[in-house]
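> 3D, please:
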Amino acid sequence: MCGIAGVVWRDAGAEDRRLIVAMTERLAHRGPDDEAYWFAPQIALGFRRLSIIDPEHGRQPVKNEDGSVVAMCNGEIYNHGLHREELGQLGHRFDSGSDAEVLPHLYEARGEEFVSALQGKFALALYDTERRRLVLARDRLGIKPLYYVATPSAFWFASEIKSLLVAPDLVPEVDRRALDLLLAFKHVPGDETLLEGVRLLRPGTRLDYDLDSHAATLTQYYQIPTARVSATRSEAVAGVRDRFDSAVRRRLMSDVPIGVSLSGGLDSSAVCASVALQTGRGPKTFSVYAGDRVNELGYARMVAERYKTDHHEITVEPTELNDIVPTVMWHLEEPMSISEVPTYYLGRAVGGRVKVLLCGEGADELFGGYKRFAPISLMPFLPRRMLTWGYLRGINGLTSGERRALFSASQRPYAGGNSNPWLDRALAERGDGTVNRLLRYELAQQLRSQVTRLDKLTMAHGVEARCPFLDPELVDYVTGLPSSWKVRGSHEKVLLKRAMADRLPEPVIARRKFGMSNPVTTIFRGPFRDLCRAELEAGRDVLDRYFEWSAIDRLFGDTRRYPVWLKIPEQQLFHVYLFLSWHRLFVDREPPPAAPPSAMRVNRMPHEPMEDGP
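Prediction:
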């Protein structure tokens, strides 16, 4: 829930309260229910609220008894009840039932280490007025985003990059090294962003900022564990089911209606089943079809009928791609892929119906749900160079040679090689199988952009997405189990399927994973090819700084002659097209687009309520 923003001025007396108001207004979509501000010498905090816990009294920022510690939180603290009880025994007093209110009191009791005691998904800011210290932190898996930047006048932070652009002395420029990383990995790994100087606080990390020295210190308080879990296979099946149900139960914490995103796949179906069994009734479920090549509505309907959910099938007539891309880009803040469009439509369809949406995100990275794990399971002793190359070509972007051929003379010096240092470090770990090492890499690196875009594209419509599969207790348990129990030969997610076998229809368990398609080659066979060329030609004044126009022109010619194995010119052109759209919004600062209209049809299929509870 919510959006947070703040600024720390370097010089006393330089405060401009209008800036924090402007920063916070840019986060209005994340918190349409309320806004609030807090000011002190050299520091200001802004908050936008999506009311979920204690809607009447749970306003933020929150304070301790004497007001010396102030905090605000985007997200949910699932174990706040436990901390509230313990802190109450120590004499702390509370004014509301808000989960965020435990933060200043827990900080008083435990100091900066209070973050390690939090169970939930969050991006938080806390200010200690006596020590003049600002504390920023993100949850263990990085579900909630938090960005920051230091300029000559101040230190700025916010839930989204667009809020930071309010800073008057922030001149947005492309981080050229990050551009190379983007084209290599289809996201910018680590803590960099495409904007020079703007950083993303890493998952499981705390930032301490001293207002006197203006020094920032980063501390990583969580890493995905590598220790083995001692359990038999049958114990592991029961252990997964019990921990998953606990994770779902924690995410049912809400004082507003909750829904479930039900795609028809194993992951979201498992979430739906767990909600229904624990509450004794079918939840509101939502299935969205936005013209994807695979229509999964039939599978979702099987699960909805089994658990008698209040089911909504939402069919969207997709807007022309060139019209919807700027809108999606404005919320994503980083070029991604065409597959983000259905997620945007999901948030749009659900917005106004529920404020909280449980999703199946993270199950593929945790249990080995991608097809790329099959050959590694069958041939576990593949050379490391081959594994790295396979990841580069299989799930990432352009090779070093392709990037160099595409780059302009000024961008070419920033072109790196084909190495992946994050993957190399994961593969260098000892004491575990190759598949488990890759799964930890997926959770620690690949998943970052995935959960960030889910958060942004649902919060764009005032909807908070919750991900039970990314519960730290479940993650810590499953990552310690043998990889052969998760991926066996060509069979993926074996352990999860066994754990859910008696809960879901057999066709849902037995079906192979589809996932959202990425039909770039298909759209280039239609009118989008000429439209894309016209867009790129219109943006040559921008593109010439980073790309060689003759290379772009050659790629358009290649779309008539290919595809050839592993050479997809359409993919390269689409990367450039997305970058241009991003550049216009965040570097050239063109006004953000209005969301284009699109036809949306909702078919509600209510069922009789479940007769029995859990």
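
> gap between the nearest residue to residue 75 once chain neighbours are set aside and residue 341?
Among residues not flanking residue 75 along the chain, residue 122 sits closest, at 3.5 Å (Cβ to Cβ, 6 or more residues apart in numbering). No exception for glycine: its C-beta is placed from N, CA and C like everyone else's. Distance, residue 122 to residue 341, using Cβ to Cβ, to the nearest Å: 28 Å.

> Pick out whichever of those two has more residues nearby.
residue 122 (26 against 23; other Cβ atoms under 10 Å).

> Look up phi and psi at the more buried one.
In terms of degrees, to the nearest 10, the main-chain angles of residue 122 are phi -160, psi 150.

> Repeat that for the one 5 residues further on.
In terms of degrees, to the nearest 10, the main-chain angles of residue 127 are phi -120, psi 130.

> from here on, count from 21
All set: I'll call the first residue 21, so the last point we hit is now residue 147.

> can you pull the contacts of it?
60, 63, 65, 89-91, 153-155 (Cβ atoms under 8 Å, 6 or more residues apart in numbering).

> where in this structure is pLDDT low?
Along the chain, segments meeting pLDDT under 70 span 21, 74, 311-314, 338, 398-416, 451, 533-539, 581-587, 619, 626-634.

> If you count neighbours, what's buried in stretch 25-32?
By 16 or more other Cβ atoms under 10 Å, the buried positions in stretch 25-32 come out as 25-29.

> secondary structure class for the closest residue to residue 551 other than its chain neighbours?
Distances taken as Cβ to Cβ, 6+ apart place residue 342 nearest to residue 551, at 5.6 Å, with adjacent residues excluded. Following DSSP: H, G, I helix; E, B strand; the rest coil, the label given to residue 342 is helix.

> Specify the local secondary structure of residue 601.
Assignment for residue 601 (three-state DSSP): helix.

> hang on, isn't it packed against residue 347?
No. Contact criterion Cβ atoms under 8 Å: residue 601 and residue 347 do not qualify, at 10.0 Å.

> what about stretch 119-138, how long is it end to end?
11 Å (Cα to Cα, to the nearest Å).

> Buried residues in that stretch, which are they?
For stretch 119-138, by 16+ other Cβ under 10 Å, it's 119-129, 132, 134-135, 138.

> So which of these belong to helices?
If you go by DSSP state H, the buried residues of stretch 119-138 have 122-129 in helices.

> Adding distance to residue 611, write those residues out as TSV.
TSV is the format used below for these (distance: Cβ to Cβ, whole Å):
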residue	distance to residue 611
122	40
123	36
124	38
125	43
126	42
127	40
128	44
129	47
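
> which one among the residues you listed gets closest to residue 200?
Ranked by distance to residue 200 (Cβ to Cβ), those are led by residue 123 at 38.7 Å.

> which ones are touching that closest one?
With Cβ under 8 Å, 6+ apart, residue 123 has these contacts: 82, 91, 93, 97, 134, 144, 146.

> Quickly name whichever of those residues is closest to residue 292.
When these are compared against residue 292 (criterion: Cβ to Cβ), the nearest one is residue 97, at 24.8 Å.

> Just give me the neighbour total for that closest one.
By other Cβ under 10 Å, neighbour count at residue 97 equals 27.

> can I assume it is in contact with residue 139?
Yes. At 7.1 Å, residue 97 counts as touching residue 139 under the criterion of Cβ under 8 Å.

> one step back: keep only those of the contacts of residue 123 that are in helices.
Among the contacts of residue 123, no member falls in helices (DSSP H).

> At which residues are the strands of the stretch 21-170 of the chain located?
23-29, 54-60, 63-69, 82-83, 89-97, 140-148, 153-158, 167-170 (DSSP state E, counting those that start in this stretch).

> Put together TSV for those strands, with distance to residue 430 on each row.
Shown next, in TSV, are the strands of the stretch 21-170 of the chain (distance: least, Cβ to Cβ, whole Å):
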stretch	distance to residue 430
strand 23-29	33
strand 54-60	42
strand 63-69	38
strand 82-83	49
strand 89-97	38
strand 140-148	35
strand 153-158	34
strand 167-170	24
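
> among the ones you listed, which is nearest residue 309?
Of the strands of the stretch 21-170 of the chain, nearest to residue 309 by Cβ to Cβ is strand 140-148, at 27.9 Å.

> Partner strands of that closest one and their direction?
Strand 140-148 has the following strand partners under DSSP bridges: strand 89-97 (antiparallel), strand 153-158 (antiparallel).

> CA atoms only for the last one, dumped as PDB, please.
I take that to be strand 153-158. Provided in PDB are the C-alpha atoms of strand 153-158 (Å, rounded to 0.1, in the frame of the first residue of the first chain):
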ATOM      1  CA  ARG A 153      19.600   9.900  11.500                       C
ATOM      2  CA  LEU A 154      17.400   8.800   8.600                       C
ATOM      3  CA  VAL A 155      16.900   5.000   8.100                       C
ATOM      4  CA  LEU A 156      15.600   3.600   4.800                       C
ATOM      5  CA  ALA A 157      15.000  -0.100   4.300                       C
ATOM      6  CA  ARG A 158      13.400  -2.600   1.900                       C
END
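
> What lies in contact with that strand?
Contacts of strand 153-158 (Cβ under 8 Å, 6+ apart): 26, 28, 63, 127, 132, 135, 142-148, 164-166, 168, 175, 177, 221-231, 241.

> Now which of the residues you listed would you call buried?
The buried subset of the contacts of strand 153-158 - by 16+ other Cβ under 10 Å - is 26, 28, 63, 127, 132, 135, 142-148, 164-166, 168, 175, 177, 221-229, 231.

> Excluding residues flanking it in the chain, which one is nearest residue 227?
residue 156 (4.2 Å).

> So what's the residue count around that neighbour?
There are 23 residues near residue 156, going by other Cβ under 10 Å.

> quick one: it from residue 166, how far?
In terms of Cβ to Cβ, residue 156 sits 6 Å off from residue 166.
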